[in-house]
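Peer 1: Need coordinates for the following:
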Amino acid sequence: MNIKQAKQEIANTLKAYLAKDELGNYLIPAVRQRPVLLMGPPGIGKTQIMEQIAAEEGVGLVAYTITHHTRQSAIGLPFIEKRTYGGREFSVTEYTMSEILASVYQMMERTGLKEGILFLDEINCVSETLAPMMLQFLQCKTFGNQKLPEGWLIVAAGNPPEYNKSVRDFDVVTLDRVKRIDVAEDFAVWKEYAYRKGIHGAVVSYLDIKKDHFYQIETTVDGLQFATARGWEDLSELIQVYEKLGLRVGREVVGQYIQLPRIAKDFANYLELYYKYQKTYHVDDILRGQWQNITMLELREAPFDEKLSVMGLLLSRLAEAARETRKQDALTTALHAALTEFKGKIAEMEPQAVLAQLVWQRQTRLKQAGEAGQLDKERRELDQREINTLEDYRQRLQREDAATPAEAMDAVREWFSREVEKREALGRFAGEEFDNAFRFLEQTFGQGQELVLFVTEVTAGYDASWFVENFGCDAYFRHNKELLFDDTRRRIREQITAAKAAEREDHHD
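Peer 2: From the prediction side, this is the model:
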């Protein structure tokens, strides 16, 4: 299955394991809660889906790369304990708590979350001395004499032997005690993730053209050479920062992330063309609604790959504008909820104290979410912006010294209205860019396949589709309706053809 399907299956497993009866007992007893063994090639997002599941299900996440551990750190250190058996005293070897299990208990203490996921990566690459302990843990959920608390799902991840010479095979006894999920790379699924995470437009459009370059691992005389999903995502992050700093990403830099030379060279060349197209076709002018006939003529006559690249540039810029609008929308939604709380409490507490309390609550929530492994970059940014804005309101109230709760509420309401106005301004700006992009493509390609592809990509894009759904775009709805109509006509024709074929077969019989 692909990584998206694996994520859903693990989330379903977690829900099933945490389900309880009316007496508070787990419906599936702990002894029957098999650990999940997630097997798949490196760099396809196994760790990321654990973070996403923990955040979405509201449970804790403790993650370890098990190859970084020795037998002592995993199982604990031995010590001598005195025990009495049958009236006689014996010296017995016990163990301190495993560092891994201690991290689970620390997570529970810090966050108050009693249930979660213990993720152990590279499980089949452990050292020879640690291997028996890890097999025991998968089978019995214990390290030495220490047991994993109930309510914690073990997910162990590993790479198949073709990707790593150090892997160890699991015996039948172990495999018969785990729930094995085999996962493979899938560009279509990763592309959906890439839109959600704002992966650089050059990376997405390049891989859309050359899908076979998305994930490759080759054994050569120089050793393993590879291009992985992780490499593309990390390279995207670097390109975006380099662009802000005015730095150039050349072939050598690409090769530090995409460690398969022919693909690294090919992408580096494409990136140069990507930047060239941005200038040649005056993408900024197009989005402002200003373009010349020569630009349309050049694009109309360009090779198809070049057309895809230019449309990728437009989509990337539209996604950026839509993303800024969506983030501001999320901030205004969060602030509205906070100010509703503020309004309900200012009759009983000083307005500044209420805001201080709201800030403290959100800071605590942010810290706990970080400790629980539930924060991604966007969630952290949103929470920090909300905290900073509420703190700004508190300081303003302190400076203005509002005399009554009503005056304080009026002041805060006015400041909040500016955030709403900013949201509306961002929405108008993005809407104009969407309209201009569609108008340019309509004038360039008419109702050709290029416009069909563009509509399809807007639909697939997380931020672009969110914007269209929440702010509207007449050109999108018009073309999408035509596309759906064409699809309906195609399906009807296929059904008629199939029915006629069946009739002929019946008549022949």
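Peer 1: From residue 45, how far off is residue 116?
Peer 2: 20 Å (C-beta to C-beta, to the nearest Å). Placement of C-beta: from N, CA and C, glycine included.
Peer 1: now do residue 148
Peer 2: Counting by C-beta to C-beta, the gap from residue 148 to residue 45 is 25 Å.
Peer 1: and what of residue 300?
Peer 2: For residue 300, the distance to residue 45 equals 38 Å [C-beta to C-beta].
Peer 1: With neighbour numbers in mind, choose between these two.
Peer 2: residue 45 (24 against 14; other C-beta atoms under 10 Å).
Peer 1: Isn't the more buried one up against residue 192?
Peer 2: No: here residue 45 does not reach residue 192: they are 11.6 Å apart, not a contact under C-beta atoms under 8 Å.
Peer 1: so what are the domain limits for this protein?
Peer 2: The record's domain split for the chain, according to automatic domain parsing, is 3-184, 186-280, 322-429.
Peer 1: With mean pLDDT and distance to residue 473 added, can I get the ones you listed in TSV?
Peer 2: Converted to TSV, the domains of the chain look like this (pLDDT from 0 to 100; distance: least, C-beta to C-beta, whole Å):
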stretch	mean pLDDT	distance to residue 473
domain 3-184	82	27
domain 186-280	90	17
domain 322-429	90	10
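Peer 1: I'd like those as CSV, with distance to residue 310 appended.
Peer 2: Shown next, in CSV, are these (distance: least, C-beta to C-beta, whole Å):
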stretch, distance to residue 310
domain 3-184, 29
domain 186-280, 5
domain 322-429, 19
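Peer 1: of all those, which lies closest to residue 449?
Peer 2: domain 186-280 (14.6 Å; C-beta to C-beta).
Peer 1: can you give me the offset of the closest one from its chain's centre?
Peer 2: 18 Å (C-alpha atoms, centre = their mean, to the nearest Å).
Peer 1: ok, now stretch 170-190?
Peer 2: 21 Å.
Peer 1: now the end-to-end length of it.
Peer 2: 29 Å (C-alpha to C-alpha, to the nearest Å).
Peer 1: Please apply the same query to stretch 32-52.
Peer 2: Taking C-alpha to C-alpha, stretch 32-52 runs 25 Å from one end to the other.
Peer 1: For residue 93, which non-adjacent residue is spatially closest?
Peer 2: Nearest non-adjacent residue to residue 93, counting by C-beta to C-beta, 6 or more residues apart in numbering: residue 78, 5.2 Å away.
Peer 1: Quick one: residues contacting the residue lying closest to residue 197 once chain neighbours are set aside.
Peer 2: Nearest residue to residue 197, sequence neighbours excluded (C-beta to C-beta, 6+ apart): residue 233, at 7.3 Å. When contacts are counted by C-beta atoms under 8 Å, 6 or more residues apart in numbering, residue 233 touches 194, 197, 199.
Peer 1: Filter these down to the buried ones, ChimeraX style.
Peer 2: Buried residues within the contacts of residue 233, by 16 or more other C-beta atoms under 10 Å, are selected in ChimeraX with:
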select :194,197,199
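Peer 1: Export the contacts of residue 233 to CSV and append columns for distance to residue 29 and secondary structure.
Peer 2: CSV is the format used below for the contacts of residue 233 (distance: C-beta to C-beta, whole Å; DSSP: H, G, I helix; E, B strand; the rest coil):
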residue, distance to residue 29, secondary structure
194, 41, helix
197, 38, helix
199, 43, coil
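Peer 1: Closest to residue 471 out of the contacts of residue 233?
Peer 2: Once C-beta to C-beta is applied, the member of the contacts of residue 233 that ends up nearest residue 471 is residue 197, at 21.6 Å.
Peer 1: Wait, a strand at residue 157?
Peer 2: Yes: checked against DSSP: H, G, I helix; E, B strand; the rest coil, residue 157 lies within a strand.
Peer 1: who does it bridge with?
Peer 2: Assessed by DSSP bridges, residue 157 has beta-bridge partners residue 38.
Peer 1: pretty sure residue 49 is touching residue 7, no?
Peer 2: Yes: between residue 49 and residue 7 there is a contact under C-beta under 8 Å: 4.1 Å.
Peer 1: For whichever strand or helix holds residue 203, buried residues please.
Peer 2: Secondary structure assignment for residue 203, by DSSP states H and E: helix 201-209. Neighbour counts using 16+ other C-beta under 10 Å place 201-208 of helix 201-209 among the buried residues.
Peer 1: Which one of these is nearest to residue 99?
Peer 2: residue 203 (37.4 Å).
Peer 1: how far away is that closest one from residue 372?
Peer 2: In terms of C-beta to C-beta, residue 203 sits 30 Å off from residue 372.
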